[in-house]
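Participant: next comes the sequence, and after it the predicted model I'd like to discuss.
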Amino acid sequence: MKERIAITGLGVVSPCGLKKETFWANLKRAESYIDEISRFDTSLYPSRIAGQVHDLDCYTHLSGRLIKKIDVFSHMALVCSQQALADASLELDEVDKKRVGVFMGNALGGWLFAETELRDMYLEGREGISPYMASAWFPAAPQGQITIYYGFQGYSKTVVADKASSALAIWYGSKTLKENKNDFVLAGGMEAPVTPYALLCVNTRGGLSKNNLNPRGAYRPYDLYRDGFVVGEGSGIVVMEKESHAEKRGADIYGFIRGVGFSCDGYHYSRYSPDTASLEYAIESCLEDASWRKENIDYICLDGEATVMGDYLEAKALKKVFGGRMKDISLSAPKSMFGNLLGAQTSLDLILTILSMKNSTVLPTINYEGRDPYADLNCTPNTCLSRNIDKSLIMARGRGGINVVLAVENS
Amino acid sequence: MSLNEEVIGVICKTLDVEPEEIKEDEKLYDSIGVDSTEMVEVVVSLNKHFGIKIETNEVTKFSTPRDIVEVVGKKKLS
């Protein structure tokens, strides 16, 4: 049997809580944490609602001197990584820092810093721009800031692959553990799309709900009246190590990464292929990588894009792979409560799936009111369900069909 | 306010540090661990504040506050 990759620490910065305990307690309430954006004038944006992190400054451990050099997405990742490392009970003085890697997923970069600095450059000339601009905005900046902050020197990478970014980062990190390149890996993602330019980009990207008059009812995956997803900001980071390594140091193990499957639709730069063969291949190859049979699966954390085509295609692929066994599997898209964090989404899906396993609870898909015969899945509507969960799949789909499926097992 | 206090005030405001953290004759690298990018920011702030033109190689992370005051004083006179 292949050595399992253990998850031993969790960090959460999300619109519904900035610690794993608050995150879980709020998710169990099955309520929406999506609100109208009030930080800047959004009146001309088609979608002007989001899951937002309002109180990051109350939880930060960073100095003002550092905060002014970094974008908010790095700030969120640093707060999140601190939580994850503390949760894993890592004694940093005793760790070989050359063997600690950092693997992050991000889709957009850090635009709050970039937008304001570029404006100053155009207004004031070359000296108007902060010298930190060059190192603050780009997607790999948070990975760099985490490694600098803790002095980690192990093999590290950042993955940019739209909504599948952090899924690929988690896989990449677990691969370096299997290949004995690292002893510990911090893996996850961070995203900060609630800035004037970033929000414009995600609006242009398409697929967002325009239900601005009812923010809390806007994100409704698999519901007949769905009109797209709602963005969210935040970060999710886990600490991973080999099972034998975790046992040797007496660490508590939350769960295991058991397998991954991926594929690309190879069809269009933004649309999914109407033929679901590619997504089915990702699911099948994940099951094969984990050496799991279809009847073993208890729970699937859905991508739940809440677009007409996105949910239709996800449901179609799952039905094709699992057939009659679908009735025995619980499915849900808990991100309907706090928004889709794009490049950071799978990291939060992983954390909420682990917490669901630990608490024997399936979190619901909220705002479900009407059945869509073309995307007809039992997506655990509106209220939590008690169920023992041992084996789960997590679905992630990036724009244009970057398909990643993770297999996660309870400890 | 003396030139000395004014320069130290600009350095502290730019880097978000307290005046007590830096010493007049200690290199900024040794006292507060500045990096070269922070020093670019300090030079830009000094240029803006005093209306002068210091080049980034005239003030470095190995400068002391006293060195910086001297450079600013000369530039103000020229």
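Facilitator: Thanks, I have the structure now.
Participant: and A:Ala282, how far from chain B?
Facilitator: 42 Å (CB to the nearest CB, to the nearest Å). Backbone N, C-alpha and C define where each C-beta goes, glycine included.
Participant: and that residue, that's in a helix?
Facilitator: Yes - applying DSSP: H, G, I helix; E, B strand; the rest coil, one finds A:Ala282 inside a helix.
Participant: pLDDT score for it?
Facilitator: With respect to pLDDT, A:Ala282 has a value of 98.
Participant: which secondary structure elements does the longest helix along chain B sit against?
Facilitator: Ranked by residue count under DSSP state H, the longest helix found in chain B is helix B:36-50. Here helix B:36-50 touches helix B:3-15, helix B:65-77, going by 3 or more CB pairs under 8 Å, 6 or more residues apart in numbering or on different chains; DSSP states H and E.
Participant: tell me where chain A has strands.
Facilitator: For chain A, strands defined by DSSP state E occupy the ranges A:5-13, A:34-36, A:49-51, A:100-105, A:157-159, A:184-191, A:234-242, A:255-264, A:299-301, A:330-332, A:361-362, A:385-386, A:391-398, A:402-410.
Participant: ok, A:Gly144 - contacts?
Facilitator: With contact set as CB atoms under 8 Å, 6 or more residues apart in numbering or on different chains, A:Gly144 has these partners: A:Ser135.
Participant: apply 10 Å and report the result again.
Facilitator: By CB atoms under 10 Å, 6 or more residues apart in numbering or on different chains, A:Gly144 lies in contact with A:70, A:74, A:102, A:104, A:135-136, A:138, A:156, A:158.
Participant: do the same with A:Lys319
Facilitator: Taking CB under 10 Å, 6+ apart as the test, what A:Lys319 contacts is A:276, A:280, A:325-326, A:376-377.
Participant: re earlier: and the strands of chain A, which is most packed in?
Facilitator: Comparing the strands of chain A by mean neighbour count (mean count of other CB atoms under 10 Å in any protein chain shown), strand A:184-191 comes out on top with a mean of 33.
Participant: sorry, back to before: tell me which of the helices and strands packed on helix B:36-50 lies nearest to A:Ile394.
Facilitator: A:Ile394 lies closest, by CB to CB, to one member of the helices and strands packed on helix B:36-50: helix B:3-15, at 42.9 Å.
Participant: return the member of the contacts of A:Gly144 nearest to chain B.
Facilitator: Using CB to the nearest CB, A:Ser135 comes nearest to chain B of the contacts of A:Gly144, at 7.3 Å.
Participant: contacts only, for the nearest residue to the closest one once chain neighbours are set aside.
Facilitator: Of all residues not flanking A:Ser135 in the chain, A:Ala141 sits nearest, at 6.2 Å (CB to CB, 6 or more residues apart in numbering or on different chains). Shown in contact with A:Ala141 (CB under 10 Å, 6+ apart): A:70-71, A:73-74, A:77, A:104, A:106, A:109-110, A:113, A:132, A:134-135, A:158, A:190.
Participant: narrow the residues you listed to those in helices?
Facilitator: With helices defined by DSSP H, the entries of the contacts of A:Ala141 inside them are A:73-74, A:77, A:113, A:134-135.
Participant: please indicate which of the residues you listed are buried?
Facilitator: A:73-74, A:77, A:113, A:135 (16 or more other CB atoms under 10 Å in any protein chain shown).
Participant: now the residues you listed as TSV including pLDDT?
Facilitator: Putting these into TSV (pLDDT from 0 to 100) gives the following:
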residue	pLDDT
A:Phe73	98
A:Ser74	98
A:Ala77	98
A:Phe113	94
A:Ser135	90
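Participant: brilliant, that's me finished.
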